[in-house]
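Novice: output the structure for:
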Amino acid sequence: MAPFSKRRSLHQSQGGSDGQIVAASPLAKYEGADAWAFLDSEGPLAPIPDPATGGYTYRPGDTRPIVTLDGGYQVPAGTNTTFANKIIIVKPVQTKDIEVFGTLTITNSLMLWQQTDSYQTELTIEKGGTLIIKDSYAFSGNQYWVYWEYEDGSTVEFDHFVGEPWTVQHGSLNYSAINYSNVWITLVSQSHDTRIQVSNALSLRFEIKPPAGTYTFKLPTQRQWADWTLSDLWPSTTIEVHDSYIVDWDMTLTPNVHVTVQDSPSGFGLGWEIYKMSPGYVTCELKDVGQFGAAYDEPIYYEDMTWDLPCINASMTVKNSAVETTAPYVWGYVHLKVFDSNLADTGISADEPGLTSRATEEIYDSSILQIFDSGGGRIYVENSQIADLLDVRDPGSVVYGYGVTGPYQVLESGGGAYVSLDKAGPPW
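Specialist: Have a look, this model is predicted:
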């Protein structure tokens, strides 16, 4: 599933004059609401915003050789591939991942993704594969997400790495990040035998998907440098964070998961994976999650509040804590209705192979950053604000809107469509 969407901010500021990523003094240089406050506006090897595409590009004076990779590029098992002092442009002409079965090393380089669709070409570190990145950047060259996956049995090592890829860990992972790197990672419910060691991260964002069960969390305060450990949520798994700048926490619930977040007033993002794979539709309702019209990621404090979804046997309780936004994703035999909420992103996914059912979603009187619809899903939006993106793809996927305000961009691909209605009510 897709991660929470974090609005990209095309800003630049501090770093090293030689273009490498260096430790700041004082650390306050790295702090603030802008996720890229550590980018150097002067460094000759750092990327710069490209207003024409909504992404990043290399500087006119950057003379490093350009290497272009298509989807389907592979590093075979038992081999070592190194890109040093390069501009690596991922410009796919097909929808296929870059797969690493051996060892891929990237040093003093800039990686730019120039996809023509979201998640068109992911960087996937396969079982037994290793990714090593040092003194390098990785950003999107346009509005589409950069998305990396670490499969069961993979190894990842970051050293002075700055980038915006959201990464997802599956199964067992050996992961380290040092020397002011970015750490943006989803830890899935099937995690096991994983070791994550992070030191001096410039921007640390975790999305946690607990396995089935009942849990209570007290989350670290956001926008501060802190140590944090977690060792009892997944089998034989240890997460150790040292002196890192915590930017965001996301907690995503799946079926049969019940979570209480307490004494966490700085806020967190609340996600839902709402699905049913067996025939027989269920209806789910979410109400009053966040505040309609609130600024994006603005924490809303709750003294004691519970959202219960009996349709998937999942619930979230917050006590003396704040919720920023919510992000429900649905697929399978599900009808979802959302009322009076503040949504980071939401939509219908077609991730499951062979799934022929089509979920539906209705959204009323809510604020929405991004909507995604794929795999033939249908979404109805009424009297709501969409701030950023409406992405509809695949045959049969339709988003219907009545009383929808913006500004927002509509992306239609593969037969997907957005339809503006002249009367209220879902047309099905």
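Novice: mind giving me the packing neighbours of the strand or helix carrying Val198?
Specialist: Following DSSP states H and E, one finds Val198 within strand 195-199. Using 3 or more C-beta pairs under 8 Å, 6 or more residues apart in numbering; DSSP states H and E, the elements in contact with strand 195-199 are strand 173-178, strand 238-253. No exception for glycine: its C-beta is placed from N, CA and C like everyone else's.
Novice: in the shortest one, what counts as buried?
Specialist: Read it as strand 173-178. 173-178 (16 or more other C-beta atoms under 10 Å).
Novice: any idea how far Gly61 is from Pro44?
Specialist: Note on Gly61: its distance to Pro44, by C-beta to C-beta, to the nearest Å, is 6 Å.
Novice: what's the answer for Trp166, then?
Specialist: Trp166 is 27 Å from Pro44, where distance means C-beta to C-beta.
Novice: more crowded one of the two?
Specialist: Neighbour count, other C-beta atoms under 10 Å: between Trp166 and Pro44, Trp166 has more, with 20 against 15.
Novice: for that one, name its beta-bridge partners.
Specialist: Tyr147 (DSSP bridges).
Novice: swap in Lys337?
Specialist: Under the criterion used (DSSP bridges), Lys337 bridges to Glu285, Glu362.
Novice: and the pLDDT at it?
Specialist: pLDDT for Lys337: 98.
Novice: show me what contacts it?
Specialist: Going by C-beta atoms under 8 Å, 6 or more residues apart in numbering, Lys337 touches 283-286, 361-364.
Novice: adding distance to Glu298, write the residues you listed out as a markdown table.
Specialist: What follows is the contacts of Lys337, written out as a markdown table (distance: C-beta to C-beta, whole Å):
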| residue | distance to Glu298 |
| --- | --- |
| Thr283 | 29 |
| Cys284 | 25 |
| Glu285 | 23 |
| Leu286 | 18 |
| Glu361 | 23 |
| Glu362 | 24 |
| Ile363 | 19 |
| Tyr364 | 20 |
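Novice: make a ChimeraX selection of whichever of those turn out to be buried.
Specialist: A single ChimeraX command is used to select the members of these judged buried by 16+ other C-beta under 10 Å:
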select :284,286,361,362,363,364
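Novice: ok, which of the helices and strands packed on strand 195-199 comes nearest Trp184?
Specialist: strand 238-253 (8.5 Å; C-beta to C-beta).
Novice: can you put the contacts of Lys337 in TSV and add pLDDT?
Specialist: Below are those laid out as TSV (pLDDT from 0 to 100):
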residue	pLDDT
Thr283	98
Cys284	98
Glu285	98
Leu286	97
Glu361	98
Glu362	98
Ile363	98
Tyr364	98
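Novice: tell me which of the contacts of Lys337 is nearest to Val404?
Specialist: Once C-beta to C-beta is applied, the member of those that ends up nearest Val404 is Ile363, at 9.6 Å.
Novice: what separates that closest one from Glu207, distance-wise?
Specialist: In terms of C-beta to C-beta, Ile363 sits 22 Å off from Glu207.
Novice: go on, Pro426?
Specialist: 30 Å.
Novice: between those two, which one's more packed in?
Specialist: Glu207 (24 against 17).
Novice: ok, the more buried one touching Thr252?
Specialist: Yes. In this structure Glu207 lies within contact range of Thr252 using C-beta atoms under 8 Å: 5.9 Å.
Novice: can you list the low-confidence ranges for the chain?
Specialist: Low-confidence segments of the chain (pLDDT under 70): 1-26, 29-30, 32-43, 294-297, 351-356.
Novice: mark out where each domain of it begins and ends.
Specialist: 1-253, 255-428 (automatic domain parsing).
Novice: ok so, going back, between the contacts of Lys337, which is closest to Lys96?
Specialist: Glu361 (28.9 Å).
Novice: list the residues that contact that closest one.
Specialist: By C-beta under 8 Å, 6+ apart, the contact set of Glu361 is 328, 330, 335-338, 346-348, 377-380.
Novice: ok, 10 Å please
Specialist: Counting by C-beta atoms under 10 Å, 6 or more residues apart in numbering, Glu361 touches 274, 284, 328-330, 334-338, 346-348, 371, 373, 377-381, 399, 426.
Novice: what does Tyr418 give?
Specialist: By C-beta under 10 Å, 6+ apart, the residues touching Tyr418 are 371, 373, 379, 381, 390-392, 397-401, 404, 408, 410-412.
Novice: of these, buried ones?
Specialist: Buried, going by 16+ other C-beta under 10 Å: 371, 373, 379, 381, 390-392, 397-401, 404, 408, 410-411, out of the contacts of Tyr418.
Novice: among the residues you listed, which ones are in strands?
Specialist: Members of the buried ones among the contacts of Tyr418 lying in strands (criterion: DSSP state E): 371, 373, 379, 381, 390-392, 398-401, 410-411.
Novice: return the distance of Glu324 relative to Glu164.
Specialist: For Glu324, the distance to Glu164 (C-beta to C-beta) stands at 19 Å.
Novice: those two: which has the busier surroundings?
Specialist: When neighbours are counted by other C-beta under 10 Å, Glu324 and Glu164 differ, and Glu324 comes out ahead with 24 against 20.
Novice: tell me the SS of that one?
Specialist: strand (DSSP: H, G, I helix; E, B strand; the rest coil).
Novice: correct me if wrong: it contacts Leu270.
Specialist: Yes. Counting by C-beta atoms under 10 Å, Glu324 touches Leu270, with 7.9 Å between them.
Novice: in the stretch 151-300 of the chain, which spans are strands?
Specialist: In the stretch 151-300 of the chain, the strands defined using DSSP state E, counting those that start in this stretch lie at 154-163, 166-169, 173-178, 182-187, 195-199, 203-208, 213-217, 224-230, 238-253, 257-276, 282-287, 300-309.
Novice: oh, that last question was meant for the stretch 1-150 of the chain, not what I typed.
Specialist: Using DSSP E, counting those that start in this stretch, strands in the stretch 1-150 of the chain cover 48-50, 55-57, 66-69, 74-75, 80-84, 87-90, 98-100, 103-107, 110-113, 123-125, 130-140, 147-150.
Novice: distance between the second one and the chain's centre?
Specialist: Taking C-alpha atoms, centre = their mean, to the nearest Å, one finds the center of strand 55-57 at 18 Å from the center of the full chain.
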